[in-house]
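Peer 1: sequence first, predicted coordinates after that:
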2 protein chains.
Amino acid sequence: MNSISNLVDIYRLTNRKITPQRLAIFNVLDSNTDHPTAEEIYEQVKSQIGNVSLKTVYQTLNELESLNQIQIIDVGTGTSRYDPNVNQLHHHLVCQNCSKVKDIELDISGEMLKAFSQNSGEFKIDRVEVVIRGLCEVCLGKGSSKQSEL
Amino acid sequence: MNSISNLVDIYRLTNRKITPQRLAIFNVLDSNTDHPTAEEIYEQVKSQIGNVSLKTVYQTLNELESLNQIQIIDVGTGTSRYDPNVNQLHHHLVCQNCSKVKDIELDISGEMLKAFSQNSGEFKIDRVEVVIRGLCEVCLGKGSSKQSEL
DNA sequence: AGCTAATTAACAATCATTGTTATAATATAA
DNA sequence: TTATATTATAACAATGATTGTTAATTAGCT
């Protein structure tokens, strides 16, 4: 995602208005590595500016995605997560216990893409996404009991 | 997934009853490589035995998953898909145009898992899932216009 | 300051999936 | 082969995430 002031420029240039809601959402996403859900972003925005509607959050997030400023990721936890890291190619580690998502940089070109194209038949590859499931550091330390705090 | 007669045995052994609905669902899944949705399975079962409820289909599919007979996959198309291929390690090709899913066998042990564990920090890896997005053979032939027939 | 288009909030609506419960059907034993 | 216990089914309603609708508000320009 671009810097907030760049986002403001982009919004102005595309005839969009800079509202307190949008600024607060930009702020929550800025340098965020937590892969928050819309609900989580909503809560943080609310604590910043008092009132927003969840609809506005969804709208702005979809907007940011279509402007290629964030990535909407669905790792099968039932809720979309929003990732401002779009400049750097990366993949995701998903904790099977707490559902937290972390970025992981993997070079999947060379060797691996060769293997892919050998087996992909007539399929034209656009993008390769790797999801690694397991237990994160925190949950490893705590045994295997269900817990879900951030 | 085991053969239908094996499934029947497993069901009997676990105090489950063999109903026409369940048999029809087994039948639809048997050797199925289409990664159908619950809705699609429901339609096929209905054409076989006349009446089922969608709830029954979901129930049986969840049951089959907990018996390790099928795999529930979520490739971010908004709906779960059901894959009877569980014996053979594989990954998925997802068409960005028609959402069809195909299996692809990839050996991601050796080289690749080494790279993974180098970068995964304290994360304990359980499973690696690769989703390859792009255009399938059919959609490649038809240009890029939206279409969704099977 | 005033105008206009864009934005927001407060709903209702949707889609996939699961919960509830009364009825029906299977398996088993007499 | 029929009675009985138990499981399964169907027909709902309910849920959770996300999107549609619309009237009221606000940002940005003049």
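Peer 2: Yes, it's here.
Peer 1: in space, what's closest to residue A:83 - neighbours in sequence excluded?
Peer 2: residue A:71 (4.5 Å; Cβ to Cβ, 6 or more residues apart in numbering or on different chains). For the C-beta atoms, the positions are set from N, CA and C on the backbone; glycine is no exception.
Peer 1: so how far is residue A:84 from the one you found?
Peer 2: 8 Å (Cβ to Cβ, to the nearest Å).
Peer 1: got it, and residue A:134?
Peer 2: Counting by Cβ to Cβ - residue A:134 and residue A:84 are separated by 24 Å.
Peer 1: the spatially most central residue of chain A and chain B, how far apart?
Peer 2: Among the residues of chain A, the one closest to the centroid is residue A:83, at 1.9 Å (Cα atoms, centre = their mean). Distance check for residue A:83 against chain B: by Cβ to the nearest Cβ, to the nearest Å, it reads 13 Å.
Peer 1: quick one: residues contacting that residue.
Peer 2: A:35, A:70-73, A:101, A:103 (Cβ atoms under 8 Å, 6 or more residues apart in numbering or on different chains).
Peer 1: after the lengthiest strand in chain A comes which helix or strand?
Peer 2: Secondary structure assigned by DSSP state E gives strand A:124-135 as the longest strand of chain A. Moving toward the C-terminus from strand A:124-135, the first helix or strand encountered (DSSP states H and E) is helix A:137-141.
Peer 1: how about that next one as CSV, C-alpha atoms only?
Peer 2: C-alpha atoms of helix A:137-141 as CSV (Å, rounded to 0.1, in the frame of the first residue of the first chain):
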residue,chain,number,x,y,z
GLU,A,137,4.9,-19.5,17.8
VAL,A,138,2.3,-18.4,20.4
CYS,A,139,0.1,-21.4,20.0
LEU,A,140,3.1,-23.8,20.0
GLY,A,141,4.0,-22.5,23.4
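Peer 1: so how far is that helix off the chain centroid?
Peer 2: 22 Å (Cα atoms, centre = their mean, to the nearest Å).
Peer 1: go through that helix and flag the buried ones.
Peer 2: residue A:139 (16 or more other Cβ atoms under 10 Å in any protein chain shown).
Peer 1: where does the record place the domain boundaries for chain A?
Peer 2: Using automatic domain parsing, the domain parsing of chain A gives A:4-83, A:91-141.
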